[in-house]
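In: Can you look at this prediction? I've put the sequence above it.
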Amino acid sequence: MQRSALVISALLVLAAVGPLVGGVGAAATADGPITADPIAHDHDHDSPSTTCEFPYETTDATGAEVTLDSDPERIVTLNPSAAQTMWEIGARDEVVGVSQYASYLEGADEKENVSGPSGPSVERVLAAEPDLILVPNSSHGAAADRVDQLRAQGVPVFVFGQPTSLSFVAEKTETIGRLSGNCEAGTERADEIRRSIELMERALENAERPVGLNVFYGYTSGGDTFIGDVMETGGLRNGAAEAGITGFQPINDETVVEMNPEWMVAPEESPIPENEAYNSTTAVREDNVVWVDTNYLQQPAPRSVYAAETILENVHPDAYEEYRAMQADEPTSTTAADSPSPTATEADGQATTETTADSPGFGLGAALAALAAAALLARRQ
């Protein structure tokens with residue numbers, strides 16, 4: 001029974017984060033991890049809102065040429081970050097298939113579940129009859145062979161690169177808008193993300209940034225990571241990056257003690273280790289732990305701005321108030337009709353619990369949580 005539980009957990013980890021190449025969760029091709037320019041730019045510097053015409057040709061992060069003969073009407077997303085982005089640009093009606101971990105999105109239960117063992121099911125994806133498949137980095141890393149099978153059927157497949165920043169999220173949002181024929185909405189939502197980043201930077205202009213540590217089941221987010229940038233946008237220094245850690249890597253107790261973070265950032269329901277090393281840190285001694293909605297912190301998608309806002313509110317409350325005041329002077333947008341208010345979500349404990357229970361974000365946090373939970377179950381049995 002113990003062995004079965006752990007094997008199932010290992011499969012969950014592989015399904016969510018992909019092979020552990022070049023750091024936890026790094027997607028790989030036959031030539032190694034996808035670390036090049038995360039999103040292809042071939043729009044000739046024109047605004048997507050003015051060039052949203054078909055046929056459209058582009059190149060994805062794997063170097064594959066992608067051709068869309070017409071505006072796609074049936075889109076499959078193989079990862080919740082891509083699904084969330086479609087929801088955020090008001091295009092969820094065009095989505096016909098989602099992964100099982102997108103279940104937290106309103107109306108996702110009405111879509112075809114295209115997940116299979118250890119990744120997407122080729123049969124289920126094709127049964128949804130898509131005319132575009134969006135494949136975030138983690139999904140490609142987990143099942144590159146299945147993506148190749150889908151391409152072999154002549155279905156346009158676009159693979160994104162490894163996310164490294166909130167700016168990447170804005171570009172990805174704009175790109176998904178272009179690919180799906182929702183250029184104006186994609187550009188508008190991307191600009192909102194960029195504006196939020198800019199306003200947070202302005203609010204923090206004279207602030208002293210304490211050292212922070214992202215921790216989830218023995219792992220941390222080092223340099224060149226999306227979560228690291230979320231932390232820095234929220235007003236922290238990324239202690240793991242300063243310690244020389246790059247990518248998503250395990251962190252040992254000695255490094256934690258030497259770093260002595262003043263704050264810790266963790267996805268909800270991811271426990272902070274209770275040992276001498278962590279207990280000695282300023283963060284634990286002063287109860288400076290920021291718990292962030294898993295679907296905001298772990299997914300490189302538009303709602304990740306809320307994760308940065310949560311960190312900013314806890315670490316720099318005065319700067320947060322200034323940020324909100326500046327936001328109040330900004331024109332409002334109705335693009336993301338399905339986007340929840342971060343305040344409302346945080347206030348609704350039940351909703352938060354439900355979303356984090358069955359969606360591992362972009363794969364790392366909750367996938368490792370599944371492994372840890374199964375290990376605990378095995379010990380009890």
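Out: Structure's in. What do you need? Everything quoted here is computed from the prediction, not taken from an experiment. Numbering: from 1, shown residues only.
In: all contacts plus neighbour counts: C-alpha atoms, from now on.
Out: Will do.
In: quick one: Asp293 from Ser167, how far?
Out: 20 Å (CA to CA, to the nearest Å).
In: wait, Asp69
Out: 29 Å.
In: who's more crowded, those two?
Out: Taking neighbours as other CA atoms under 10 Å, Asp69 and Ser167 compare with Ser167 leading, 17 against 13.
In: Just the pLDDT at the spatially most central residue of the chain, thanks.
Out: For the chain, Gln299 is the residue whose C-alpha lies nearest the centre (CA atoms, centre = their mean; 1.6 Å). If you check Gln299, the pLDDT there is 95.
In: all strands for the stretch 1-150 of the chain, in order.
Out: Listed in chain order, the strands found in the stretch 1-150 of the chain under DSSP state E, counting those that start in this stretch are 28-29, 32-33, 56-59, 65-68, 75-77, 95-98, 112-113, 115-116, 119-120, 132-135.
In: could I get those as CSV with mean neighbour count, mean pLDDT and distance to Leu204?
Out: Converted to CSV, these look like this (neighbours: other CA atoms under 10 Å; pLDDT from 0 to 100; distance: least, CA to CA, whole Å):
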stretch, mean neighbour count, mean pLDDT, distance to Leu204
strand 28-29, 19, 32, 37
strand 32-33, 16, 33, 34
strand 56-59, 16, 97, 37
strand 65-68, 17, 98, 41
strand 75-77, 27, 98, 36
strand 95-98, 26, 98, 37
strand 112-113, 21, 97, 42
strand 115-116, 18, 93, 42
strand 119-120, 26, 90, 40
strand 132-135, 24, 97, 35
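In: Columns distance to Ala143 on top of those, output as a markdown table?
Out: Shown next, in a markdown table, are the strands of the stretch 1-150 of the chain (distance: least, CA to CA, whole Å):
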| stretch | distance to Ala143 |
| --- | --- |
| strand 28-29 | 10 |
| strand 32-33 | 13 |
| strand 56-59 | 20 |
| strand 65-68 | 19 |
| strand 75-77 | 14 |
| strand 95-98 | 16 |
| strand 112-113 | 16 |
| strand 115-116 | 11 |
| strand 119-120 | 6 |
| strand 132-135 | 10 |
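In: So for Glu232, which of the ones you listed sits nearest?
Out: Glu232 lies closest to strand 32-33 among the strands of the stretch 1-150 of the chain, at 24.8 Å (CA to CA).
In: how close does the residue nearest to the centre of the chain sit to Tyr320?
Out: 22 Å.
In: now do Ala266
Out: In this view, Ala266 and Tyr320 are 19 Å apart by CA to CA.
In: Same question for Ala64.
Out: 42 Å.
In: which of these two has more neighbours?
Out: Tyr320 (23 against 13).
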